[in-house]
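Colleague: Sequence first, then the predicted structure, then my questions.
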Amino acid sequence: MLKVYNTLTRKKEEFVPQEPGKVGMYVCGVTPYNYPHIGNARPFVTWDVIKRYLRNRGFEVKHIQNFTDMDDKIIKAANTEGVSWETITERYIEGYFKSIDALNVQRADLYPKVTEHIPDIINMVQRIIDNGFGYVIDGDVYFSVEKFPEYGKLSGRKLEDMQAGARVEVDSRKHNPMDFALWKSAKPGEPFWESPWGKGRPGWHIECSTMSLKYLGETFDFHGGGSDLIFPHHENEIAQSQCCCGDYKSFAQYWLHNGFITIDNEKMSKSLNNFITVPDILKQYPGEVVRFFILRTHYRSPLDFSEERIKEAQAGLLRLKNAFELGNEILEKAGNTEKDTQLEEIAEKAMADFYEAMDDDFNTALAIGFMFTLSKEINTYANNVINKGTDFDAVHFGKLMQVYKDMAAVIGIFESSLEMPEADDGEGISPEEIEALIAERAEAKKNKNWGRADEIRDSLKAQGIILEDSAAGTKWKKA
RNA sequence: GGUGACAUCGCCAAGUGGUAAGGCCAAGGUCUGCAAAACCUUUAUUCCCCAGUUCGAAUCUGGGUGUCACCUCCA
């Protein structure tokens, strides 16, 4: 039974889809005005695993993720550089895709953009006004929070408490300081669209309400993003959507929010300027390592970033991958057909443990722990076969490896090389040359010419090639 | 000021009432010509502090301390 922690109710709940066997999920995407930093990457890796797991369990998943490609920050960036806003958004949308591809994040089913949904947004704003929840002032349209009795239910705040703490200069035209813009009138020189209220553009929040409604319907299963979106973004989305559709039970049923990535225990954010971008970290570590680093911690916990911890993740991932390769190696051997019931038990137990962990609010940290346990079993078994030439149950070992592979597919690892991209630039030594040197070294070893053998090994190591001897011969890999 | 989260081995981290998973690092051992990889062993009678509930608490309650976050753009 899958349980998820729902921010709306503040507890773990059994997941019951709106439609049996199907899942609709809307994940808040990025505002493309900059390259994503690793804090931005966390929700995308997290939701990627959620999606992979749900699909693994047989759900048909529809995943929608927006681009908020019209916003103050985009206009500002365009003005600063003296280019059009389209230049900015195109550049960073491309940057976004490059980043998540490197992190092995599978693409969403659709990436709707605000600027391609202006008529839908205008229509929704009009419906909200018609229902009595919105009001127009000088070309701006505001949502009246006092009209919505459930305002604050997601973030657990009371309107009164928030008013007490409000400290930005309040637009005195607003009925309530917490009222937020559905539609903003255009200032001179700003991009705009024609609307019933004059030239303007959508406010922040409305795009997610509109596009989730359009592609997932009035009621769908999951909505998520980083914890900082709980208020005001998601709170406002709820208000807009429910007041548009006139049913306080509609909209997303399960709200999942990931914790922050911190640096020196402080939130990584663009405004604090203490962030590390995904493109930058990818210059030093393979995407899969960054991904693994994120998934080693439960998605709701804070995660502190440091060089040391990413190195730890790298060491751990390498361990898992070594077992994967070792296991695959003996699968190439014939084996026998004698049934090894112990192998079968190990495989079943591992799968059950893994599912149990993932069923508990997508506990990847625990699930990965079970992968380590299984990797030990694989190493022990495979080493025994290789070193002692023992006969083995190929069928059941194959099944065990399949379990390991299935786990890896949910976590999204072993799917790309752990080598750094630049190592593949055609520079350096070719595989043929390496093989030739290994052959020469084998000959030297045969003649007990240890000096030459070690010389070859050291020289390859200096070029980033690691040799591993075993009874079955010598393997090589890049460091 | 309001609201919420968190505090578990040197480091990271799982664990929400039944007697502390796992990873990294370290030490010793096995294997190896030597390495590497792998495997074995060792490493928290203890979970920030105090009090309480309970047969039993890291897990529940109350209080304290510390850290972080949201209330303003933020994943």
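Modeller: Looks like it arrived, so ask away. Numbering: from 1, shown residues only, chains lettered A, B, ... in the order given.
Colleague: Every contact and neighbour count from this point should use C-alpha atoms.
Modeller: OK.
Colleague: Could I get the contacting residues of A:Leu366?
Modeller: A:Phe354, A:Ala357 (C-alpha atoms under 8 Å, 6 or more residues apart in numbering).
Colleague: Could you pull up phi and psi at it?
Modeller: With angles defined as degrees, to the nearest 10, A:Leu366 sits at phi -70, psi -40.
Colleague: For it, give its distance to A:Lys270.
Modeller: Distance, A:Leu366 to A:Lys270, by C-alpha to C-alpha, to the nearest Å: 31 Å.
Colleague: repeat for A:Gln126
Modeller: 34 Å.
Colleague: more neighbours, these two?
Modeller: A:Gln126 (21 against 15; other C-alpha atoms under 10 Å).
Colleague: buried stuff in the host helix or strand of that one?
Modeller: Using DSSP states H and E, A:Gln126 sits in helix A:118-130. The neighbour-count check on helix A:118-130 (16 or more other C-alpha atoms under 10 Å) flags A:Ile118, A:Asp120, A:Ile121, A:Ile122, A:Met124, A:Val125, A:Gln126, A:Arg127, A:Ile128, A:Ile129 as buried.
Colleague: Same question for stretch A:138-147.
Modeller: Quick answer for stretch A:138-147 (16+ other C-alpha under 10 Å): A:Gly139, A:Asp140, A:Val141, A:Tyr142, A:Phe143, A:Ser144, A:Val145.
Colleague: Same list (those) but as TSV, adding secondary structure, pLDDT and distance to RNA strand B.
Modeller: Formatted as TSV, the buried residues of stretch A:138-147 follow (DSSP: H, G, I helix; E, B strand; the rest coil; pLDDT from 0 to 100; distance: C-alpha to the nearest atom of the strand, whole Å):
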residue	secondary structure	pLDDT	distance to RNA strand B
A:Gly139	coil	94	19
A:Asp140	strand	95	15
A:Val141	strand	96	15
A:Tyr142	strand	96	13
A:Phe143	strand	96	13
A:Ser144	coil	95	14
A:Val145	helix	94	13
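Colleague: who's the residue in chain A that RNA strand B sits nearest to bridged to?
Modeller: Nearest to RNA strand B, among the residues of chain A, is A:Gly226, at 2.4 Å (C-alpha to the nearest atom of the strand). Beta bridges link A:Gly226 to A:Asn258, judged by DSSP bridges.
Colleague: Tell me the secondary structure of A:Phe222, please.
Modeller: Secondary structure, DSSP: H, G, I helix; E, B strand; the rest coil: A:Phe222 is strand.
Colleague: ok, back up a step: tell me how far the helix holding A:Gln126 lies from the chain's centre.
Modeller: 31 Å (C-alpha atoms, centre = their mean, to the nearest Å).
Colleague: Could you point out the helix or strand that follows it?
Modeller: Downstream of helix A:118-130 (by DSSP H and E), the next one is strand A:134-137.
Colleague: partners of that next one in the sheet?
Modeller: Here, using DSSP bridges, strand A:134-137 pairs with strand A:140-143 (antiparallel).
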